[in-house]
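Undergrad: predicted coordinates and the sequence they were generated for:
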Amino acid sequence: MEKNLKVIEGGITAPQGFEAAGVEAGVKYKNRKDMALVYSTAPCQVAGTFTSNVVKAAPVLWDKKLVETAPFVQAVVVNSGIANACTGKQGMDACEAEAKCAGKLLGIPETAVLIGSTGVIGMQMPVDRLEAGIEKLVAAKAGTLEAGLEAAKAIMTTDTVHKQIAVEFRVGGKKAVMGAMCKGSGMIHPNMCTMLGYVSTDVKISKELLQKAVSAAVVDSFNMISVDGDTSTNDTLLVLANGLADNAEIQADGADYEEFCEALNYVTKFLARKMAGDGEGATCLFETKVVNADTKQNARILAKSVICSSLSKAAIFGHDCNFGRFLCALGYSGVQFDPDKVDLFFEGNGKRIQVFGDGAPLGYSEEEATELLSAPEVTVYVDMHAGDQEATAWGCDLSYDYVKINADYRS
C-alpha cells in the first residue's frame, strides 16, 4: 500500500458530507433491501465511465448526459433486481420520474440526481414502487458507517458479499477521505467501467482532472477483471467529489493530483479484486500476473487472456496443474512472443512452484501443485523475459454453480 494511504472503517459515507441509506422497496425481490441512496450535503463534481456495450441501459444514458452536462450532482438512487435495459422510452421515463421524486424530496434539481439499476434485462420498472422506495430512502438517510453498509448491501444481486472500502490520505496538507461501494458477480467483463461502482470523496478537484483520474484508474483495475466474458448493458462507475476537505482545489497535474490518483487507484483495484473473487459460483480468486513483457499493453493483453480462458478457469476449479491451458491462452492472445523464453509458476497459500520453463515442463510434485491450486486465492505468474513491463488481471474459477445460477436467473 502507498505510504500516504490508510485503510479506515466504512465505505461510501466515510468522507465528510456523505449520507446513504438502503431500504426494501419490493422492486423485484421480496424480503430484502433492494434500493440505495447516496447523498452529499454539498454539491459535487462528478466523473464517470460507462459500458462499451452498444446496448446501453436507460440509467447509463441518463447518467452519461448528467456527467457531461450537469453543473453539479448531489445524489445517486440505485435499485437492484431490474436492470431497466432494453426498455425503450418507458425506461427513460422511469429514470426521469425517479430523479424528479428524489430531487423534490431532497430539495435539489432533478439534474443533480444520478440513477443506477442492476438486475434482469427487459423488464419495465415499477415506478410506483421506486417512488415509494425513494421516500423511504430520504427518510432513512444518515451519515453513519452503518448507513453506508446498508446501501452497499442493497445494490447486490447475485453477489454473495457486500463490497466496500474507505481510505484516508492527505492532499495539500489537508486530511482527505475516499469511500466506495460496488456490486458485481456475473456478466462481468468490463470495458471502461465496472458493473455498478460508486466512489465518494471530500477532496476538492476540478471536473476535468477528476474525469482524467477516473478514466485512467479503470485501465488497470476494472478493465483487468473478468468473470464470464460478458460486458453488461449497465456498467457504470461514478465518482463524486464534494470538496469539504477544504484543500486548495486540484486544478493541474502535480503532487496533490498524484496523491488523489494513488487513493483512487488503490480503491478501484481493491473493488475490482473483490468482484472477481465473488464471481457467480466461484470458489476462488484467479489472478494472473505477467512480468517482463515487451510493452505494458501486451502485458495487459496476456494477463487478461489467461483469466478469460474457460479452460484455464475450469482447471483452477479442478485444482488441475494442466499448465498447457495457460500457455495456450497466452499463445492465442494476439501477442507475439518466444514460448521457449516463458517461465510459468503457480502461487497459492504463500508458496510458489515453477511448472514450465525453457520450452518444456519441469519436474514438480503434482500433489504440491494441487495444494497450491486449492487455495482461496490462486496466482498464475508468467515471466515473459522480453522486457520490463508488467500487468495483473483478476478473474475466478468456473464451477458448476455458474451455470445453475444463470440458467434460472429470472426466476
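TA: Yep, that arrived. Numbers count the residues shown, from 1 in each chain.

Undergrad: any chance you could map the helices in the chain?
TA: For the chain, the helices defined by DSSP state H cover 58-69, 88-106, 127-140, 145-154, 207-217, 255-277, 296-308, 310-317, 323-331, 366-373, 400-407.

Undergrad: and the angle for the second one with helix 127-140?
TA: Counting by axes from the mean of the first three to the mean of the last three Cα atoms, to 10 degrees, helix 88-106 lies at 30 degrees to helix 127-140.

Undergrad: got the contact list for helix 88-106?
TA: By Cβ atoms under 8 Å, 6 or more residues apart in numbering, the list of residues contacting helix 88-106 from outside reads 37, 39, 57-59, 61-62, 74-75, 77, 84-85, 87, 108-113, 115, 124-125, 127, 130-131, 134-135, 137-138. Using the backbone N, CA and C atoms, a C-beta is placed for each residue, glycine as well.

Undergrad: report the buried members of the residues you listed.
TA: The neighbour count (16 or more other Cβ atoms under 10 Å) marks 37, 39, 57-59, 62, 74-75, 77, 84-85, 87, 108-113, 115, 125, 127, 130-131, 134, 137-138 as buried among those.

Undergrad: where does pLDDT dip in the stretch 201-350 of the chain?
TA: For the stretch 201-350 of the chain, no stretch is flagged by pLDDT under 70.

Undergrad: what of the stretch 1-150 of the chain?
TA: Applying pLDDT under 70 to the stretch 1-150 of the chain picks out residues 1-2.

Undergrad: if we go to 50?
TA: For the stretch 1-150 of the chain, no stretch is flagged by pLDDT under 50.

Undergrad: quick check: end-to-end length of stretch 244-254?
TA: 20 Å (Cα to Cα, to the nearest Å).

Undergrad: same question, stretch 218-231
TA: Terminal-residue distance, stretch 218-231 (Cα to Cα): 14 Å.

Undergrad: how about stretch 14-33?
TA: Span of stretch 14-33 from end to end, Cα to Cα: 21 Å.

Undergrad: show me what counts as buried in that stretch.
TA: Neighbour-count burial for stretch 14-33 flags 14-23, 25-29, 33 (criterion: 16+ other Cβ under 10 Å).

Undergrad: one more: stretch 170-184?
TA: 170-172, 176-184.

Undergrad: who's the residue lying closest to Leu237 once chain neighbours are set aside bridged to?
TA: Counting by Cβ to Cβ, 6 or more residues apart in numbering, Gly197 is the residue found nearest to Leu237 once chain neighbours are left out, at 4.3 Å. Judged by DSSP bridges, the bridge partners of Gly197 are Cys182, Leu237.

Undergrad: which residue of this protein sits farthest from its center?
TA: In the chain, the greatest distance from the average C-alpha position (Cα atoms, centre = their mean) is reached by Gly363, at 38.8 Å.

Undergrad: and Leu311, how far from Phe356?
TA: 16 Å (Cβ to Cβ, to the nearest Å).

Undergrad: meant to ask about Glu9, not that
TA: Distance from Glu9 to Phe356, by Cβ to Cβ: 43 Å.

Undergrad: sheet partners, orientation included, of the strand ranked longest in the chain?
TA: Longest among the strand segments of the chain by residue count, using DSSP state E, is strand 35-50. Next to strand 35-50 in the sheet, as set by DSSP bridges, lie strand 18-23 (antiparallel), strand 73-82 (antiparallel), strand 236-241 (antiparallel).

Undergrad: of those strands, which approaches Ala386 most closely?
TA: Distance to Ala386, taken as Cβ to Cβ, is lowest for strand 236-241 among those, at 32.2 Å.

Undergrad: could you check how far the closest one is from the centre of its chain?
TA: Here strand 236-241 is found 11 Å from its chain centre; the criterion is Cα atoms, centre = their mean, to the nearest Å.

Undergrad: list the contacts of it.
TA: Contact with strand 236-241 is made by 18, 38, 40, 44-51, 59-60, 63, 67, 73, 76, 114, 116, 193-205, 210, 213-214, 218, 222, 264, 268, as judged by Cβ under 8 Å, 6+ apart.

Undergrad: just the CA atoms of stretch 165-175, as PDB, please.
TA: Below are the C-alpha coordinates for stretch 165-175, written out as PDB (Å, rounded to 0.1, in the frame of the first residue of the first chain):
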ATOM      1  CA  ILE A 165     -13.800   0.300   1.300                       C
ATOM      2  CA  ALA A 166     -12.600   3.600   2.700                       C
ATOM      3  CA  VAL A 167      -9.200   5.200   2.800                       C
ATOM      4  CA  GLU A 168      -7.700   8.300   4.400                       C
ATOM      5  CA  PHE A 169      -4.900  10.300   2.800                       C
ATOM      6  CA  ARG A 170      -3.600  13.800   2.700                       C
ATOM      7  CA  VAL A 171      -3.900  16.400  -0.100                       C
ATOM      8  CA  GLY A 172      -2.300  19.800   0.100                       C
ATOM      9  CA  GLY A 173      -1.700  19.300   3.800                       C
ATOM     10  CA  LYS A 174      -5.400  18.500   4.500                       C
ATOM     11  CA  LYS A 175      -6.800  15.200   5.600                       C
END
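
Undergrad: buried subset of the contacts of strand 236-241?
TA: 18, 38, 40, 44-51, 59-60, 63, 67, 73, 76, 114, 116, 193-205, 210, 213-214, 218, 222, 264, 268.

Undergrad: re earlier: Leu311 and Phe356: which has the busier surroundings?
TA: Phe356 (20 against 14; other Cβ atoms under 10 Å).

Undergrad: about what we covered before: make JSON lines out of the strands paired with strand 35-50 and add distance to Phe346.
TA: As requested, the strands paired with strand 35-50 are exported to JSON lines (distance: least, Cβ to Cβ, whole Å):
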{"stretch": "strand 18-23", "distance to Phe346": "40"}
{"stretch": "strand 73-82", "distance to Phe346": "36"}
{"stretch": "strand 236-241", "distance to Phe346": "32"}
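
Undergrad: closest one to Arg410 among those?
TA: Comparing those by Cβ to Cβ, strand 73-82 comes nearest, at 10.6 Å.

Undergrad: got the angle for that closest one vs helix 145-154?
TA: 40 degrees.

Undergrad: between helix 58-69 and strand 73-82, find me the angle.
TA: If you take the same axes, to 10 degrees, strand 73-82 sits at 170 degrees to helix 58-69.
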